[in-house]
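>>> would you be able to build a 3D model of this:
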Amino acid sequence: MFIAIACTAAMTSCNDHHYYPYERPYRPQRTTKTKQPPFLQKGDKVALVSPSYFTPMENVDKTVELIKEWGFEPVVGPNVGKTDAGKYAGTVSERKSDMLWALNDNSIKAIICNRGGYGSLQIVDNQLMQAIADHPKWISGYSDISSLHGAWQNAGLMSIHGTMSASLAASGNDPSSTLFRDLIQGKVPRYELPSHEQNITGKAQGMLVGGNICTLTPAIGTLADDLTGKKDIILFIEEVEESMHNIDRQFNILKSNGVLDHCTGVILGEFTDCGNEFTYGSVEAMLRQQLLGYNIPLLCGFPAGHDDVNLPLIMGANVTLDIRTDGATLQFDVDGEQQTVQTQPIVEQAEQEDQEKNKTEDSSQFTMLTDAVPDAILEIRYYGTYNFVGDRIDGYLQPTALLTKEAADSLRAVSDDVNALGYRLKIYDAYRPQMAVDHFVRWAADVPDTRMKQYFYPDLDKSVLFEQDYIMAKSGHTRGSTVDLTLFDKATEKELDMGGTFDWFGPESHPDFCGNPDTGEYTGDNSKSPAGRSITPEQFANRMILRNAMLRHGFKPLDSEWWHFTLRDEPFPDTYFTFPVEQIK
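Next up, the predicted model:
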């Protein structure tokens with residue numbers, strides 16, 4: 001009796017803290033048939049909800065814009081953006097409320113989850129199950145969203161194991177995204193896959209169920225359990241950052257609950273960054289060994305899960321699996337226009353892009369500018385707020401300057417030259433990460449933000465900055481061999497007067513303003529200045545001191561900025577780096 005009272009009190013306490021309410025255990029009627037939600041038409045509403053962990057609103061906002069580009073109307077859950085307990089996207093009741101809102105609104109035709117993590121199992125109850133059954137519509141997600149796929153299948157509906165806002169925000173144009181876009185409009189993929197050394201050949205038909213294995217097994221016996229009690233299923237599993245022994249543990253839980261006894265086939269997705277503590281060689285090899293006694297086909301390496309490629313799968317659909325020695329085919333037996341998708345080129349392209357990404361994140365060929373030129377003065381404008389944007393720029397984590405080793409060596413020679421003339425180098429900017437350039441692009445698109453106009457572009461309408469190439473999507477700085485600088489007079493202990501400020505947007509910054517930079521002749525021609533500004537012969541001559549020193553040591557100028565120079569033989573002419581500006585250890 002005492003124990004019963006204690007448990008009841010505990011349940012009441014949980015309810016007071018907005019935890020999921022207690023319900024009598026309920027096992028839904030198992031079915032081998034599921035209903036296919038209607039495909040979408042242009043203009044249909046697509047809801048974005050967060051049933052698990054919080055995702056930054058920046059990701060949600062980017063997904064909203066992408067969905068608009070696709071021709072749909074995005075609507076965001078009323079509670080999206082909230083947090084609870086440091087990680088959840090709101091309380092259980094708030095997250096469940098958003099899912100019910102998306103289901104019960106008949107004008108909403110599909111639901112995209114913003115992120116996985118953990119928490120979707122908390123919102124699966126009888127009320128949600130009834131809403132799913134009463135309002136058939138597609139839902140997309142993966143990882144922790146596997147619990148919702150189970151709920152959808154138990155309610156008799158198909159769903160999409162596929163992309164989420166956290167992924168769509170990163171690109172939206174990759175095959176994982178575009179195949180999802182096509183699928184919800186009725187173009188059903190028929191996947192052709194290459195052979196895999198751990199495959200077990202054979203043919204199978206059955207209902208596709210599953211998802212993230214560490215999400216699936218704890219849900220056994222709950223309303224999100226679509227694995228037990230079904231016959232003729234094809235099991236799909238994937239995982240991320242788990243040890244081999246834990247994956248083995250979860251797989252054996254499935255075996256112990258009779259799941260594999262009802263499998264006609266198994267599909268292994270990606271096991272991203274998982275352990276290799278045993279000598280099997282791979283997770284696929286370990287699981288293959290356990291499946292040999294079941295006499296069912298095994299498809300390994302399907303590109304779905306937590307890796308760069310996450311191709312959409314129709315969960316709850318009857319599928320046909322054909323695994324041969326030369327490859328495999330996965331076909332969804334559903335309504336819609338079938339389109340053949342070769343997975344190997346998609347994976348190879350992603351691997352190539354990943355290699356390029358790794359290359360852009362590699363700072364090993366860079367050096368601290370002050371290591372090469374110890375007496376250089378740094379005034380890194382983009383680390384502070386006195387710049388044309390008015391904010392610290394993304395990617396500038398420390399007020400330092402980086403250059404490729406080749407550019408730094410040449411700049412050392414420049415420094416030696418100007419030191420002999422009584423000057424030091426003063427650096428405004430050097431390497432600039434792509435995220436900073438992206439920040440500039442976003443700022444330029446926000447035309448009303450003109451906080452710094454009077455200081456940097458008083459004569460220009462901000463709307464022309466793209467058109468006149470003041471702001472571009474790519475910058476030479478990002479290749480690592482470009483530097484913005486001026487000269488510091490050691491005698492006066494002031495910057496040498498160049499007749500204009502760094503990052504001034506206008507013809508007054510051009511090297512040929514009031515003179516001929518090729519001959520060094522001062523002409524006084526200020527006709528290009530819309531406000532009639534001018535520079536003196538001395539100011540033009542000072543610009544020439546800097547320019548000539550830079551040209552002598554292998555740098556080339558820019559025709560619109562007197563302070564901007566790029567190493568002529570730059571080592572990475574086609575690589576735009578992404579690592580942030582901070583001290584290199």
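>>> so how far is residue 406 from the spatially closest residue to residue 409 that is not a sequence neighbour?
Leaving out its chain neighbours, the residue that sits closest to residue 409 by C-beta to C-beta, 6 or more residues apart in numbering is residue 372, at 6.5 Å. C-beta here means a position set from N, CA and C on the backbone, and glycine is covered the same way. Distance, residue 372 to residue 406, using C-beta to C-beta, to the nearest Å: 10 Å.
>>> same deal with residue 484?
Distance from residue 484 to residue 406, counting by C-beta to C-beta: 18 Å.
>>> now do the strands in the stretch 401-550 of the chain.
According to DSSP state E, counting those that start in this stretch, the stretch 401-550 of the chain carries its strands in the segments 402-404, 423-429, 482-489, 494-495, 515-516, 521-522.
>>> got these as JSON lines, with mean neighbour count, mean pLDDT and distance to residue 563 columns?
Shown next, in JSON lines, are the strands of the stretch 401-550 of the chain (neighbours: other C-beta atoms under 10 Å; pLDDT from 0 to 100; distance: least, C-beta to C-beta, whole Å):
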{"stretch": "strand 402-404", "mean neighbour count": "25", "mean pLDDT": "97", "distance to residue 563": "15"}
{"stretch": "strand 423-429", "mean neighbour count": "22", "mean pLDDT": "98", "distance to residue 563": "7"}
{"stretch": "strand 482-489", "mean neighbour count": "22", "mean pLDDT": "98", "distance to residue 563": "5"}
{"stretch": "strand 494-495", "mean neighbour count": "13", "mean pLDDT": "96", "distance to residue 563": "11"}
{"stretch": "strand 515-516", "mean neighbour count": "18", "mean pLDDT": "97", "distance to residue 563": "16"}
{"stretch": "strand 521-522", "mean neighbour count": "14", "mean pLDDT": "96", "distance to residue 563": "19"}
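>>> export those to TSV and append columns for distance to residue 326.
Rendered in TSV, the data for the strands of the stretch 401-550 of the chain read as follows (distance: least, C-beta to C-beta, whole Å):
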stretch	distance to residue 326
strand 402-404	46
strand 423-429	55
strand 482-489	50
strand 494-495	70
strand 515-516	69
strand 521-522	73
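>>> of these, which is nearest residue 255?
strand 402-404 (53.6 Å; C-beta to C-beta).
>>> so which elements touch the closest one?
strand 366-368, helix 369-372 (3 or more C-beta pairs under 8 Å, 6 or more residues apart in numbering; DSSP states H and E).
>>> run the last query once more with 10 Å
strand 366-368, helix 369-372, helix 405-420, strand 482-489 (3 or more C-beta pairs under 10 Å, 6 or more residues apart in numbering; DSSP states H and E).
>>> picking that back up, can you report how many residues neighbour the residue nearest to residue 409?
19 (other C-beta atoms under 10 Å).
>>> what does residue 44 give?
Residue 44 has 18 neighbours, counted by other C-beta under 10 Å.
>>> again with the one 3 residues further on
Residue 47 has 26 neighbours, counted by other C-beta under 10 Å.
>>> state the mean pLDDT of whichever strand or helix holds it.
Secondary structure from DSSP states H and E places residue 47 in strand 45-49. Mean pLDDT, strand 45-49: 98.
>>> repeat for stretch 208-221
Stretch 208-221 comes out at a mean pLDDT of 96.
>>> single out the most deeply packed of the helices and strands packed on strand 402-404.
strand 482-489 (a mean of 22; mean count of other C-beta atoms under 10 Å).
>>> all strands of the stretch 201-350 of the chain, in order?
Using DSSP E, counting those that start in this stretch, strands in the stretch 201-350 of the chain cover 202-212, 233-240, 263-272, 298-299, 313-315, 318-324, 327-332, 337-342.
>>> what lines up beside the second one in the sheet?
Strands adjacent to strand 233-240 in the sheet, as given by DSSP bridges, are strand 202-212 (parallel), strand 263-272 (parallel).
>>> between the strands of the stretch 401-550 of the chain, which one is nearest to residue 68?
The nearest among the strands of the stretch 401-550 of the chain, by C-beta to C-beta, is strand 423-429 at 34.8 Å.
>>> for that closest one, packing partners?
Using 3+ C-beta pairs under 10 Å, 6+ apart, strand 423-429 is in contact with helix 369-372, strand 377-378, helix 405-420, strand 482-489, helix 537-552, strand 561-567.
>>> mind putting these in JSON lines, distance to residue 49 included?
Shown next, in JSON lines, are the helices and strands packed on strand 423-429 (distance: least, C-beta to C-beta, whole Å):
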{"stretch": "helix 369-372", "distance to residue 49": "47"}
{"stretch": "strand 377-378", "distance to residue 49": "47"}
{"stretch": "helix 405-420", "distance to residue 49": "48"}
{"stretch": "strand 482-489", "distance to residue 49": "44"}
{"stretch": "helix 537-552", "distance to residue 49": "55"}
{"stretch": "strand 561-567", "distance to residue 49": "47"}
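>>> who touches the lengthiest helix in the chain?
Ranked by number of residues, the top helix in the chain under DSSP state H is helix 343-360. With contacts defined as C-beta atoms under 10 Å, 6 or more residues apart in numbering, helix 343-360 is touched by 171, 174-176, 179, 189, 191-195, 270, 301-304, 307-311, 327-328, 330, 433-434, 478, 572, 574-579.
>>> give the buried residues for it.
Buried residues in helix 343-360, defined by neighbour count with 16 or more other C-beta atoms under 10 Å: 343, 346, 347, 350, 360.
>>> re earlier: buried sites along the next helix or strand after the strand holding residue 47?
Next along the chain after strand 45-49, taking DSSP H and E as the criterion, comes helix 57-69. If you call a residue buried by 16+ other C-beta under 10 Å, then helix 57-69 has these buried ones: 59, 60, 62, 63, 64, 66, 67.
>>> packing partners for helix 57-69?
By 3+ C-beta pairs under 10 Å, 6+ apart, helix 57-69 packs against strand 45-49, strand 73-76, strand 108-113, helix 165-168, helix 175-183.
>>> export that helix as CSV, just CAs?
Extracted in CSV, the C-alpha atoms of helix 57-69 (Å, rounded to 0.1, in the frame of the first residue of the first chain):
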residue,chain,number,x,y,z
MET,A,57,15.6,30.1,-35.0
GLU,A,58,18.1,30.9,-37.7
ASN,A,59,17.6,27.3,-39.0
VAL,A,60,13.9,27.6,-38.9
ASP,A,61,14.0,31.0,-40.7
LYS,A,62,16.2,29.6,-43.5
THR,A,63,13.8,26.6,-43.9
VAL,A,64,10.9,28.9,-44.1
GLU,A,65,12.5,30.7,-47.0
LEU,A,66,13.4,27.4,-48.7
ILE,A,67,9.8,26.1,-48.4
LYS,A,68,8.6,29.4,-50.1
GLU,A,69,11.1,28.8,-52.9
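>>> show the average pLDDT along it.
The model assigns helix 57-69 a mean pLDDT of 95.
>>> return the distance of it from the chain's centre.
Remark: helix 57-69 is offset 12 Å from the chain centroid, using C-alpha atoms, centre = their mean, to the nearest Å.
>>> from what I can see residue 449 touches residue 440, true?
No. Judged on C-beta atoms under 10 Å, residue 449 makes no contact with residue 440 at a distance of 12.0 Å.
>>> which residues do those two both contact?
residue 389.
>>> neighbour count for the two, which is higher?
In this view residue 449 and residue 440 are compared by other C-beta under 10 Å, and residue 440 has more residues nearby, 22 against 15.
>>> how much space separates the more buried one from residue 540?
29 Å.
>>> how many neighbours does residue 365 have?
13.
>>> same thing with residue 142?
Neighbour count for residue 142, taken as other C-beta under 10 Å: 27.
>>> would you agree it is in contact with residue 117?
No. Counting by C-beta under 10 Å, residue 142 stays clear of residue 117, with 11.4 Å between them.
>>> now for the closest residue to residue 240 other than its chain neighbours: which residues touch it?
The shortest distance from residue 240 to any non-neighbouring residue, by C-beta to C-beta, 6+ apart, is to residue 306 (3.7 Å). For residue 306, the contact set (C-beta under 10 Å, 6+ apart) comprises 116, 142-143, 167, 212, 238-241, 269-274.
>>> if anything else comes up later, I'll come back, but that's it for now.
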